[in-house]
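Novice: My questions are about this predicted structure, shown below with the sequence.
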Amino acid sequence: MNRLRDLREDNNLTQEQCAKIAYISKKSYERYENGQNVLPTDVLIKFCKYYNVSADYVLGLINEFRKLY
């Protein structure tokens, strides 16, 4: 999932740091970022809140970067 990678890189985070944010393993995070596994809703919500962006943006449904608040 390119948006997840883009957000991570834009915020100068490692995959391990992102895994800790979502309380998941680094391997699980890698699989979500690479599109090997589907991003579960609870994990999606954690990243949306952390990055302050909409789920539509993270999922690639829209190209406009929208802040949540």
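Specialist: Nice, I can see it.
Novice: What segments of this structure are helices?
Specialist: 2-10, 15-22, 26-33, 41-51, 55-58 (DSSP state H).
Novice: Rebuild those helices as TSV, extending it with mean neighbour count and distance to F65.
Specialist: To be clear about C-beta, it is placed using only N, CA and C from the backbone, and glycine gets the same treatment. Below are the helices of the chain laid out as TSV (neighbours: other CB atoms under 10 Å; distance: least, CB to CB, whole Å):
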stretch	mean neighbour count	distance to F65
helix 2-10	15	10
helix 15-22	17	18
helix 26-33	18	18
helix 41-51	16	10
helix 55-58	17	6
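Novice: List just the one of those helices that sits closest to E64.
Specialist: helix 55-58 (7.1 Å; CB to CB).
Novice: Who are the packing partners of the closest one?
Specialist: helix 2-10, helix 41-51 (3 or more CB pairs under 8 Å, 6 or more residues apart in numbering; DSSP states H and E).
Novice: Can I get stretch 53-65 as CSV, trimmed to CA atoms?
Specialist: What follows is stretch 53-65, C-alpha atoms only, in CSV (Å, rounded to 0.1, in the frame of the first residue of the first chain):
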residue,chain,number,x,y,z
VAL,A,53,-5.6,11.8,7.6
SER,A,54,-8.8,10.2,6.3
ALA,A,55,-9.2,6.5,5.7
ASP,A,56,-10.1,7.3,2.1
TYR,A,57,-6.7,8.8,1.6
VAL,A,58,-4.8,5.9,3.2
LEU,A,59,-6.8,3.4,1.1
GLY,A,60,-6.1,5.4,-2.1
LEU,A,61,-9.8,6.2,-2.8
ILE,A,62,-9.0,9.9,-3.0
ASN,A,63,-5.9,11.8,-3.9
GLU,A,64,-6.6,14.8,-1.8
PHE,A,65,-4.8,14.9,1.6
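Novice: in the chain, which segments are predicted with low confidence?
Specialist: 1, 66-69 (pLDDT under 70).
Novice: so what's the closest residue in space to R8 that isn't next to it in sequence up against?
Specialist: Spatial nearest neighbour of R8, excluding adjacent residues (CB to CB, 6 or more residues apart in numbering): C18 at 5.3 Å. Contacts for C18 (CB atoms under 8 Å, 6 or more residues apart in numbering) come out as L4, R8, Y29, E33, F47.
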